[in-house]
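> Give me coordinates for this.
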Amino acid sequence: MTDRTARSRNPEGRMSLGQHLVELRKRLTRAALAVLLGTIASFWLVAPVWESLSAPVLAVGLADDRETAIQYTRVTEAFDTTMLIAITLGIVMSSPIWLYQLWAFIVPALHRTEKRYAIGFIGAAVPLFLAGCAAGWFLLPNIVTIMASFAAADTFTLFTAQGYLDFSLKLILAIGVGFVLPVVLVMLNFARVMSASTIIRGWRWAILAITAFTAIATPAADVLSMILLALPMIGLYFLAAAIAALHDKRVAKRESALAAEYGIDAAPA
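Sure thing, here's the model as predicted:
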């Protein structure tokens, strides 16, 4: 059955549970394939990225006149770190595709004329995800320096490759995802799942959640990094609320015009 035939039989675009599961499987498959291709294409970047990620550890030793190093403690650890870096780069490189798949899974719940918002979603989500990853990348040296400063002056500081890489990549990806969440709020608003008033009323909980998230993403001793990370996320949340409010106002105006045209009472917003 073609999409045009399906729409003619089901003009509202409603899907059964089985159709939702099929659609979810299709979107996940495409997203996974994009990440796989991005992983394969990014293998040549693994060495320079690992060198850049390791630089803060070596800088700590030079600054404090202490011995610091990253060591491999297992036979497969070098291979594991290479694969982990490649997969992470694949996630970052394929972000336009898997973010679009996230949007496309929600599209059936939208009116046909609102599908044009997919361009706006991708245009906002991809730069924000990359900006979040960049913020995590630039915060990493400061975090490593603060955490390593707790070691005694006469000690030899060793970081396992797997442990250090897990910490670094989780920090970078977590902040990247955190920057995208306001765009998801706007998407839910456009899908008529969440109103602007709901987003605005939840600002206290949002600030609390953002603060908790940044506290987890950054060490407790690094208060400055936590503040620098929380401020743009809070700003993005209120920007999402403002966009949702403008959208709700536009929808209410359109529905009022239609109600006046057909002489019926407008549905409550």
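> Surely residue 50 is in contact with residue 81?
Yes. At 7.0 Å, residue 50 and residue 81 qualify as touching, with contact defined as CB atoms under 8 Å. Using the backbone N, CA and C atoms, a C-beta is placed for each residue, glycine as well.
> Pull up the overlap in contacts between the two.
residue 165 (CB atoms under 8 Å, 6 or more residues apart in numbering).
> neighbour count winner among the two?
Legend: neighbour count by other CB atoms under 10 Å for residue 50 and residue 81, higher for residue 81 (22 against 19).
> Which strand or helix spans that one?
Counting by DSSP states H and E, the element that carries residue 81 is helix 77-93.
> same deal with residue 24?
Here residue 24, judged by DSSP H and E, is contained in helix 17-41.
> so that helix versus helix 77-93, what angle?
Angle between the axes of helix 17-41 and helix 77-93 is 120 degrees (criterion: axes from the mean of the first three to the mean of the last three CA atoms, to 10 degrees).
> could you give the mean pLDDT of the helix or strand where residue 134 lies?
Assessed by DSSP H and E, residue 134 sits inside helix 117-148. If you average the pLDDT over helix 117-148, you get 83.
> tell me the angle of the helix holding residue 81 relative to helix 117-148?
Here helix 77-93 points in a direction 140 degrees away from that of helix 117-148 (the same axes, to 10 degrees).
> Can you give the distance of helix 77-93 from its chain's centre?
18 Å (CA atoms, centre = their mean, to the nearest Å).
> counting contacts, what elements does that helix pack onto?
Applying 3 or more CB pairs under 8 Å, 6 or more residues apart in numbering; DSSP states H and E, we find helix 77-93 packed against helix 17-41, helix 46-64, helix 117-148, helix 161-190.
> picking up where we left off before, just the buried positions in the helix holding residue 134, please.
117-118, 121-122, 124-126, 128-133, 135-137, 139-146, 148 (16 or more other CB atoms under 10 Å).
> Contacts only, for the most centrally placed residue in the chain.
For the chain, the residue nearest the mean C-alpha position is residue 177 (1.9 Å; CA atoms, centre = their mean). Contacts for residue 177 (CB under 8 Å, 6+ apart) come out as 129, 132.
> How about the contacts made by the spatially closest residue to residue 195 that is not a sequence neighbour?
Spatial nearest neighbour of residue 195, chain neighbours left out: residue 248 (6.0 Å); criterion: CB to CB, 6 or more residues apart in numbering. When contacts are counted by CB under 8 Å, 6+ apart, residue 248 touches 189, 195, 196, 197, 269.
> and which of these is nearest to residue 98?
Closest approach to residue 98 among the contacts of residue 248 (CB to CB): residue 189, at 21.4 Å.
> Please tell me how far the closest one sits from residue 144.
Look at residue 189 and residue 144: by CB to CB, to the nearest Å, they are 38 Å apart.
> likewise residue 27?
Separation of residue 27 from residue 144 (CB to CB): 37 Å.
> what do you get for residue 55?
Taking CB to CB, one finds residue 55 at 9 Å from residue 144.
> so the helix holding residue 81 versus helix 161-190, what angle?
Using the same axes, to 10 degrees: helix 77-93 against helix 161-190 is 20 degrees.
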